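>>> Have a look; sequence and predicted model below, questions after that.
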Amino acid sequence: MSIDPLSLEIRRNASEKVTDSVTPTYLTCAEAAQLIGINVKTMQRWALTSSVPVLRHGRILRFHRERLLRWLEVQEQPAHRQRKAQLVRSN
């Protein structure tokens with residue numbers, strides 16, 4: 001029984017799209033630091049002091065790409081807008 005190459009390609013592309021849209025992208029500390037343009041040691045310090053959203057598993061740190069970018073957007077807002085955003089999220 002042979003499967004034609006076109007149907008294999010269609011299945012492969014479909015599965016990649018589903019995987020890409022469902023699976024969140026997690027970054028290492030070095031990748032996250034590079035993404036936002038800071039030193040790796042600064043990123044580690046922020047993660048250890050809970051200044052930045054991070055997933056910890058023992059000594060392993062991982063950063064969800066989208067959460068990190070949203071966090072960065074909030075950090076760039078003026079202080080009065082940050083407080084309002086925090087109040088909205090807590091309700």
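Everything's here; your move. Residues are numbered from 1 along each chain as shown.
>>> List the strands paired with the longest strand along the chain, with their directions.
Ordering each strand of the chain by length in residues (DSSP state E) puts strand 60-64 first. Paired strands of strand 60-64, with direction, are strand 26-27 (antiparallel), strand 55-57 (antiparallel) (DSSP bridges).
>>> gap between residue 59 and residue 78?
According to CB to CB, to the nearest Å, residue 59 stands 36 Å off from residue 78. C-beta coordinates here come from the backbone N, C-alpha and C atoms, glycine included.
>>> more crowded one of the two?
Neighbour count, other CB atoms under 10 Å: between residue 59 and residue 78, residue 78 has more, with 8 against 5.
>>> Give the residue spans of the chain that score low on pLDDT.
Within the chain, the stretches with pLDDT under 70 are 1-24, 79-91.
>>> And the helices in it, which stretches?
Listed in chain order, the helices found in the chain under DSSP state H are 5-22, 29-36, 40-48, 65-76, 79-90.
>>> list the buried ones in the third one?
So that's helix 40-48. For helix 40-48, burial by neighbour count (16 or more other CB atoms under 10 Å) applies to 43-44, 46-47.
>>> Now tabulate those residues in CSV and tack on distance to residue 64.
Shown next, in CSV, are the buried residues of helix 40-48 (distance: CB to CB, whole Å):
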residue, distance to residue 64
43, 14
44, 17
46, 15
47, 12
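>>> Widest-spaced pair of those residues?
Greatest spacing in the buried residues of helix 40-48, by CB to CB: 44 and 46 (7.4 Å).
>>> Pretty sure residue 65 sits against residue 36.
No. Contact between residue 65 and residue 36 fails when scored by CB atoms under 8 Å: they sit 10.4 Å apart.
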